[in-house]
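Colleague: Fold the following for me, if possible:
(one chain, ligands or ions: 1)
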Amino acid sequence: MNKDEIVLPRPVNGPVYDGWTLERWLLKVCEETGEAVTAYKNLKSAREKYHDFVDGLSIDDMTDPKAVYASMLQANTQHTRMSLCRELTDVITAATSALEYLGADLDERQRLQQSINESNAKRDEGRRFRA
Ligand SMILES: [Mg+2]
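Modeller: Here you go, the predicted model:
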């Protein structure tokens with residue numbers, strides 16, 4: 001992907017969501033947040049299983065079944081990491097959709113984000129952002 005190309009969150013607002021209330025949108029944000037927490041637990045568990053298995057393990061022969069198993073555990077950590085990334089992105093989409101439901105169009109959402117960014121830059125002696 002071109003680094004100059006910015007992909008903004010696109011609110012979901014099609015007929016599937018006809019009749020949704022603000023409460024329903026907030027529940028959707030909570031639902032997606034819950035899915036992110038579950039994905040985090042899966043990632044934590046996958047990382048622990050991988051490290052528990054490979055700690056102190058010395059494998060010279062990559063055809064050793066232990067090497068194959070370690071590789072599978074590592075692949076699982078990568079898979080669960082991506083699941084968490086996707087769920088967190090779902091949270092962004094759900095929150096963006098809730099903002100749009102509240103009448104915040106792209107311009108207003110951008111102004112809100114700018115305001116939050118500026119606020120975060122000032123708080124905690126500017127230590128909320130990396131120098
Ligand atoms: Mg989700």
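Colleague: Now do the contacts for Tyr101.
Modeller: 11, 13, 20, 22, 25 (Cβ atoms under 8 Å, 6 or more residues apart in numbering). All C-beta atoms are positioned from the backbone trio N, CA, C, and that covers glycine.
Colleague: And the pLDDT at it?
Modeller: As predicted, Tyr101 sits at a pLDDT of 98.
Colleague: roughly how far apart are it and Tyr17?
Modeller: For Tyr101, the distance to Tyr17 equals 8 Å [Cβ to Cβ, to the nearest Å].
Colleague: repeat for Glu87
Modeller: Counting by Cβ to Cβ, the gap from Glu87 to Tyr17 is 19 Å.
Colleague: So between the two, which is more surrounded?
Modeller: Between Glu87 and Tyr17, Glu87 has the larger neighbour count (other Cβ atoms under 10 Å), namely 19 against 14.
Colleague: give me the element that one is part of.
Modeller: helix 65-101 (DSSP states H and E).
Colleague: how about that helix against the ion, any contact?
Modeller: Yes. Helix 65-101 lies within reach of the ion by Cβ under 5 Å from the ion, at 87, 90.
Colleague: ok, Asn76 - how many residues close by?
Modeller: Neighbourhood size, Asn76 [other Cβ under 10 Å]: 17.
Colleague: and if you look at Asp124?
Modeller: Look at Asp124: counted by other Cβ under 10 Å, it has 9 neighbours.
Colleague: ok, now the one 3 residues further on?
Modeller: Around Arg127 there are 9 other residues, counting by other Cβ under 10 Å.
Colleague: per-residue confidence at it?
Modeller: At Arg127, pLDDT is 94.
Colleague: same check, this time on Glu5
Modeller: pLDDT recorded at Glu5 is 90.
Colleague: Is it in a helix, a strand, or coil?
Modeller: When classified by DSSP: H, G, I helix; E, B strand; the rest coil, Glu5 comes out as coil.
Colleague: what helices or strands is the strand or helix carrying Ala46 leaning on?
Modeller: Using DSSP H and E, the element containing Ala46 is helix 22-54. For helix 22-54, the elements it packs on are helix 65-101, judged by 3 or more Cβ pairs under 8 Å, 6 or more residues apart in numbering; DSSP states H and E.
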